[in-house]
Each structure stands twice: as C-alpha cells, then as structure tokens.
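**Student:** Sequence first, predicted coordinates after that:
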Amino acid sequence: MMTGDEQAATSRRRVLAAAAVAPVLIGAGPACARAMPDGALVKPLTTTVSDWAAVAKVLGRRGTLLRGTTYHTPYPRDDLRVVVEGDTVITPELALGAHVAFVRYADGSRMCMGDVAVTEKELQRVIDAWQAHGIAVTALHKHLPAHSPDVWWVHVHGHGHDELALARGLRAGFDRTGIPPATPSGPPSPVALNTAGIDAALGAKGSSDGVVYKAVFARRETICDGNLVLPAGLGATSAFIFQPLGHGRAALSGDCVMLAEEVHNVLGALRRGRIQLVELHNHHLTESPRLFFTHFWAVGDAVELAKALRPAVDATNVVPTTS
C-alpha cells in the first residue's frame, strides 16, 4: 500500500514518461497531419507572371513563374569576388545566388520566402531592416567553408494579405546590400563538363545556365508551413551545382534536404565520398514534416563527385525536378 507521497511521485513519473514519448508518437504521423489540427489545410493558387507585375515593380526586377504557383526572383551577388580555401574563385551562380519567392493562397493570404547572401558588413543592418518591416529571419548560416570575404545566408519569411507590403519589406533589406541592378542574360550555353556522365551518376537530368551545371531534387512528401501547403519544390529541395574548373574538374557546392531519420545516413554518405560538410541546420520554423539541410563543398573530377553524391540522394525521399 503506497503512501500519499509515493502515489504522487508515481503519478509524476507517469506524466514525465508520457511526455518523453509524445514527440516520437506525433512525429510518426503523415505529412501535414499535425500542421493544422483545428482546420483545413490551405492550398496555393495557380497564377501567371502578369499577376505579379506590381510585386516586380516594387522589387525592381522581373521574376519567373515556377510550376504554375511560385513567383521566383533571383538576386545574384555579381558584385562579390569570393575565394574559397584560398585558391578557388567561385562564380555567383555556384554559391552566391540569392532569391525570393511569392505564393498566393486560397484563403486570400500571401507568403514570401527567400534565401539571401549578404556580407558580414551588411548582415546586421539588413536583418534590422527586415525586422522593422515584419519580415522574419528563420535561419542564418554559411554555405561555404573558409572563404573571403565572409558571406552569410539569411532565410526570410513573410505572411499576410498585402503582397506589396511584403515586397516593400524585402526591398528594404535588399537596399542595404551591394546587390547590383538586374542585367539581362542571353540563352544558356553548354558548360565545359561531362554533363552526360554527371546525369548518369546522379540518375537525373541537370540543366546549364551557361556558367554552372545544376541538378535539383524535390521532396516527395507534401510539406506544410503551419496550415499552408507549400508548392512542390518550394523550400524543400536538394540542389547540386558544379562550376567547371578545366580538364573535367569542378567545384561542387550543394544543399541536401532531409528528414530527421535521414540525416545520419546522408552525412555519412557524403563523408565517405570525401565531400566536406559545411553546415547542418533548419531553414524554416513551423514546417511539417520537420526538415533539415546540410551544405557541402568539394573540388575534383565532376563525374566522380556526382558518383559520390548518389548515395546521399538515394538515402532521401526525393524526386528529380527541372527547376
């Protein structure tokens, strides 16, 4: 027969034990099932490029429409000359690309999401500008190993019913950087790499912009941010980018998206392929299922690098995508 104190202690232990198991049970549910328990999920709307003309005017540059739902605007850091590990000069297309994306939803709301490269000197004033305009910072990290000058990548997020207010908030941050005005680009040309060999090694068809070769994979799961269903490929992709260095060699910069249970195997696969790990982090605050990202770097024969990446691809639930 237990005393009152013993019964209370037993009860507390049962509560703590239940709490310890709860996250595992919750995490075992289907994608997005726990994102909005008290209401329906909200899906993105199909739009056209012309629907975003006012946003383009505020941002000061034109974007493109991806997969019918995502208005995407690039901000490459053409103003920077970045050297990695003392001897590799990288192009903006390899690892200095910034971008923002806008989506309209069936409930009348809008969401913006972006990944922006800023210098160490720009970082604090850019973040201050975004916070003053209600644009949230959801991640802050680096994509490259030892490099000069120091560059940081800031992930931003905004949600509301006024897409122009979101665009003005983003613009306030961009105006505090050295990002140059947009310049027109010509049609892409082939890059000096064995792209057929890269494609065969990765099991996917990549694309060239005339400067780098890129392969992109998107998560198969439906990813939600709160109760908002993210368009396929938005904020949930693995990207592998190859910059030609001559004689079949390339600099590789990449980003792999993973669920928690995939992280250990992916990191192990990359290291077995002699690929340097740079960061392990999250890009979002309230996504479901929870996503982790790892940035990595390597220099070597491009096809051999692609072969080294393949086990990491196979360890994740992704599918090749064209953009």
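**Tutor:** Happy to help now that I have it.

**Student:** now the strands for the stretch 201-323 of the chain?
**Tutor:** 207-208, 213-219, 224-225, 228-229, 237-246, 249-258, 276-281, 287-288, 292-301, 318-321 (DSSP state E, counting those that start in this stretch).

**Student:** Turn these into CSV, including mean pLDDT, mean neighbour count and distance to Gly63.
**Tutor:** The way it works is simple: take the backbone N, C-alpha and C, and place the C-beta from them, glycine included. Formatted as CSV, those follow (pLDDT from 0 to 100; neighbours: other Cβ atoms under 10 Å; distance: least, Cβ to Cβ, whole Å):
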stretch, mean pLDDT, mean neighbour count, distance to Gly63
strand 207-208, 92, 14, 18
strand 213-219, 96, 23, 17
strand 224-225, 94, 22, 20
strand 228-229, 96, 24, 20
strand 237-246, 96, 20, 17
strand 249-258, 97, 24, 21
strand 276-281, 97, 16, 26
strand 287-288, 94, 22, 23
strand 292-301, 98, 20, 23
strand 318-321, 94, 17, 18
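
**Student:** Next, format these as TSV and append distance to Asp162.
**Tutor:** Listed next are those as TSV, based on distance: least, Cβ to Cβ, whole Å:
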stretch	distance to Asp162
strand 207-208	34
strand 213-219	29
strand 224-225	18
strand 228-229	16
strand 237-246	28
strand 249-258	30
strand 276-281	30
strand 287-288	23
strand 292-301	30
strand 318-321	30
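
**Student:** In contact with the spatially closest residue to Leu309 that is not a sequence neighbour, which residues?
**Tutor:** Take Leu309 and drop its neighbours on the chain: the residue closest to it by Cβ to Cβ, 6 or more residues apart in numbering is Phe240, 5.8 Å away. By Cβ atoms under 8 Å, 6 or more residues apart in numbering, Phe240 lies in contact with Leu202, Gly206, Lys214, Ala215, Val216, Leu252, Gly254, Ala306, Leu309.

**Student:** picking that back up, nearest to Pro180 among the strands of the stretch 201-323 of the chain would be which one?
**Tutor:** With Cβ to Cβ as the measure, strand 237-246 is the member of these nearest Pro180 (20.1 Å).

**Student:** right, and Leu65 touches Thr48 too?
**Tutor:** Yes. At 6.6 Å, Leu65 counts as touching Thr48 under the criterion of Cβ atoms under 8 Å.
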